[in-house]
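Peer 1: need a structure here:
(2 chains)
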Amino acid sequence: DAGVIQSPRHEVTEMGQEVTLRCKPISGHDYLFWYRQTMMRGLELLIYFNNNVPIDDSGMPEDRFSAKMPNASFSTLKIQPSEPRDSAVYFCASSETSNRGGDRFFGPGTRLTVL
Amino acid sequence: GDSVTQMEGPVTLSEEAFLTINCTYTATGYPSLFWYVQYPGEGLQLLLKATKADDKGSNKGFEATYRKETTSFHLEKGSVQVSDSAVYFCALGGSNYKLTFGKGTLLTVNP
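Peer 2: Modelled structure (predicted):
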């Protein structure tokens, strides 16, 4: 299996622009997670899906952030409009139903820089 | 709520030295415990796990024992290598599907 795939790997944009991050989970995994990693705040869970349905979005920082999972093999995280404080590495991860609370498989991340 | 506290780094060791990275947790119920590793420029990878008290997780020479009496899950390796240089995260999995991560510990191993 190719693992969790994320694109783009790097994104540089200007404040106010829309940013869309993409994720393809491992086939057969029912859970998908979006995380944000910064030096100041560490690793934060933004939102997670089960069977394409958003279960908990309490970590989404503001209404500027939105996430969708239109099918089992694709998810997007969108920031509109972007701000410099959104600069971070964004990770997507997936896991199987049978793994209670763990065994996440992480993608390589998207490094976002907002100027 | 659930929380994880791990020793702050950075930790710098010479090759073949003994490694300990401390991790303690606070949780309700019976959580699972994990160590993840992040190599430079990559995503996190599961290193080892333990799902109940007294379980020992092990992988690639690393070990950690789930100690319920001390609420700890310390990571150890008897002889580190330069290739072990990475950031190590302790994590706790509760009754839902959320993982609570520690802040990470940067390990640098010098030849």
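
Peer 1: what about residue B:73, distance to residue B:50?
Peer 2: Distance from residue B:73 to residue B:50, counting by CB to CB, to the nearest Å: 7 Å. From N, CA and C alone the C-beta is placed, and that goes for glycine too.

Peer 1: Now do the shared contacts for those two.
Peer 2: B:33, B:64-66 (CB atoms under 8 Å, 6 or more residues apart in numbering or on different chains).

Peer 1: Count the neighbours of residue 22 for me.
Peer 2: Since no chain was named, I'll use chain A. Neighbourhood size, residue A:22 [other CB atoms under 10 Å in any protein chain shown]: 16.

Peer 1: actually chain B
Peer 2: 16.

Peer 1: Where does the prediction get shaky in chain B?
Peer 2: Counting by pLDDT under 70, chain B shows low-confidence ranges at B:95-96.

Peer 1: what about the residue of it found nearest chain A, how many neighbours?
Peer 2: Closest residue of chain B to chain A, CB to the nearest CB: residue B:93 (2.4 Å). Using other CB under 10 Å, residue B:93 has 24 neighbouring residues.

Peer 1: Could you check how far the residue nearest in space to the middle of chain A is from chain B?
Peer 2: Centroid-nearest residue in chain A, with CA atoms, centre = their mean: residue A:34, separated by 3.0 Å. Distance of residue A:34 to chain B, computed by CB to the nearest CB, to the nearest Å: 12 Å.

Peer 1: Tell me if I'm right that that residue and residue A:44 touch.
Peer 2: No: counting by CB atoms under 8 Å, residue A:44 is not a contact partner of residue A:34; they are 9.6 Å apart.

Peer 1: Strands of the chain, residue ranges please.
Peer 2: Picking chain A for this. Applying DSSP state E to chain A gives strands spanning A:5-7, A:10-13, A:19-24, A:31-38, A:42-50, A:53-56, A:65-71, A:74-79, A:88-95, A:105-106, A:110-114.

Peer 1: To clarify, I was referring to chain B.
Peer 2: B:3-6, B:11-14, B:19-21, B:23-26, B:32-38, B:44-50, B:56-59, B:62-65, B:75-77, B:86-93, B:99-101, B:105-110.

Peer 1: picking up where we left off before, and the furthest pair within the shared contacts of residue B:73 and residue B:50?
Peer 2: B:33 and B:65 (9.6 Å; CB to CB).

Peer 1: Look at the two and report which has more neighbours.
Peer 2: More crowded of residue B:33 and residue B:65, by other CB under 10 Å: residue B:33, with 29 against 17.

Peer 1: need the contact list for the spatially closest residue to that one that is not a sequence neighbour.
Peer 2: Leaving aside its chain neighbours, residue B:33 sits nearest to residue B:73 (4.3 Å; criterion: CB to CB, 6 or more residues apart in numbering or on different chains). Residue B:73 makes contact with B:23-25, B:33, B:35, B:50, B:64-67, B:90, according to CB under 8 Å, 6+ apart.

Peer 1: Residue numbers of chain A in contact with chain B?
Peer 2: Proximity of chain A to chain B (CB under 8 Å from any CB of the partner chain) is limited to residues A:4, A:31, A:42-43, A:45, A:48, A:50, A:55-56, A:91, A:93, A:95, A:100-109.

Peer 1: Check the offset of stretch B:65-78 from the chain's centre.
Peer 2: Stretch B:65-78 has its C-alpha centroid displaced from the chain centroid by 9 Å (CA atoms, centre = their mean, to the nearest Å).
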